[in-house]
Structures are given as C-alpha cells and as structure tokens.
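Asks: Fold the following for me, if possible:
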Amino acid sequence: MAGKAAGSAVKAVAEYQYPWREKLAKYKDELAKGVWGYWELGAWKPLSISARRRAQLRKEVLLAGEDWPYDPERKEMKTKRKGHKCDRIAAEKRANTARLMEKMPEMLLEHKKRKWLKKMKEEDKEKGKF
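Replies: Got it, this is the predicted structure:
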C-alpha cells in the first residue's frame with residue numbers, strides 16, 4: 001500500500017514538474033500543421049492553439065532541455081550587400097574592361113588578319129574580271 005502511495009506521489013510530482021508534456025501530447029497534431037495555420041479545402045484555418053500559448057509551450061520544452069521539432073526551417077542568409085546599382089555596375093564594367101585589355105593584342109591580330117583576307121578576296125575578284 002505504501003509503495004502505491006509513493007508511486008502515485010512520484011507520478012504526481014513528475015506531472016507537476018513537466019505540465020508541458022500533457023499540452024505537447026494534446027496539441028501534437030495541431031503543432032505539426034504549421035506555425036501560423038494551414039490551408040484546408042481552399043480555406044485558411046488558424047491553429048486551435050494561440051501564438052502566445054504556442055510560444056509559452058515552446059519555451060517550457062526548450063528550458064527542460066527537450067527538442068522542439070515544430071519550427072519552420074530557416075531561409076539562407078542573404079550575403080549580397082546593399083548599395084547603389086550604378087556603383088555595382090561601374091565596378092563590373094571596370095573588371096570587364098581589364099579582362100578585355102588583356103586580350104587586346106590577340107583581338108588586334110585577328111582584326112588585321114580578317115581585314116587582310118577581305119582585301120585579298122577583293123583583289124582576286126578584280127583580277128578575275130579583267
């Protein structure tokens with residue numbers, strides 16, 4: 001008899017220490033549907049548990065050292081810095097100009113070659129007429 005009383009007392013103390021376990025079990029399906037609500041048959045349904053109660057339950061679970069799997073996954077952080085578009089475009093243009101200037105000798109040789117070939121074709125046509 002004493003063992004039963006001690007067991008029930010321990011159970012009562014454990015439930016009192018972790019009241020969030022009952023709430024978590026009660027709202028488990030609801031929490032899994034989303035943070036704010038969910039779409040059902042084309043209509044938006046808010047959660048049956050308020051955001052304040054949800055946050056309070058989350059805080060209790062995390063303070064107890066348990067895992068809270070119901071948070072939505074976070075998006076990737078933006079690494080692009082803010083600034084004026086004209087400054088960014090000007091920097092890209094300067095970089096492109098530097099790349100093209102490195103290729104400039106080859107481009108000039110190709111241009112001279114094309115010009116020379118065109119001149120030779122014109123001379124061949126003129127020779128063919130006479």
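
Asks: Show me this protein divided up by domain.
Replies: 2-63, 86-130 (automatic domain parsing).

Asks: Now do the buried residues in stretch 109-125.
Replies: Buried residues in stretch 109-125, counted by 16 or more other Cβ atoms under 10 Å: none are found. Bear in mind the C-beta positions are built from the backbone N, C-alpha and C, glycine included.

Asks: hang on, the earlier thing: including distance to residue 75 and mean pLDDT, could the domains of the chain go into JSON lines?
Replies: What follows is the domains of the chain, written out as JSON lines (distance: least, Cβ to Cβ, whole Å; pLDDT from 0 to 100):
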{"stretch": "domain 2-63", "distance to residue 75": "14", "mean pLDDT": "77"}
{"stretch": "domain 86-130", "distance to residue 75": "23", "mean pLDDT": "92"}
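
Asks: Make JSON lines out of those domains and add distance to residue 71.
Replies: As requested, the domains of the chain are exported to JSON lines (distance: least, Cβ to Cβ, whole Å):
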{"stretch": "domain 2-63", "distance to residue 71": "7"}
{"stretch": "domain 86-130", "distance to residue 71": "35"}
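
Asks: most neighbours per residue, which of those domains?
Replies: Sort those by mean neighbour count, taking mean count of other Cβ atoms under 10 Å, and domain 2-63 sits at the top with a mean of 12.

Asks: Return the distance of it from the chain's centre.
Replies: Average the C-alpha atoms of domain 2-63, do the same for its chain, and the two points are 29 Å apart (Cα atoms, centre = their mean, to the nearest Å).

Asks: next one: stretch 118-130
Replies: 64 Å.

Asks: can you check stretch 64-74 too?
Replies: Relative to the mean C-alpha coordinate of its chain, stretch 64-74 is positioned 18 Å out (Cα atoms, centre = their mean).
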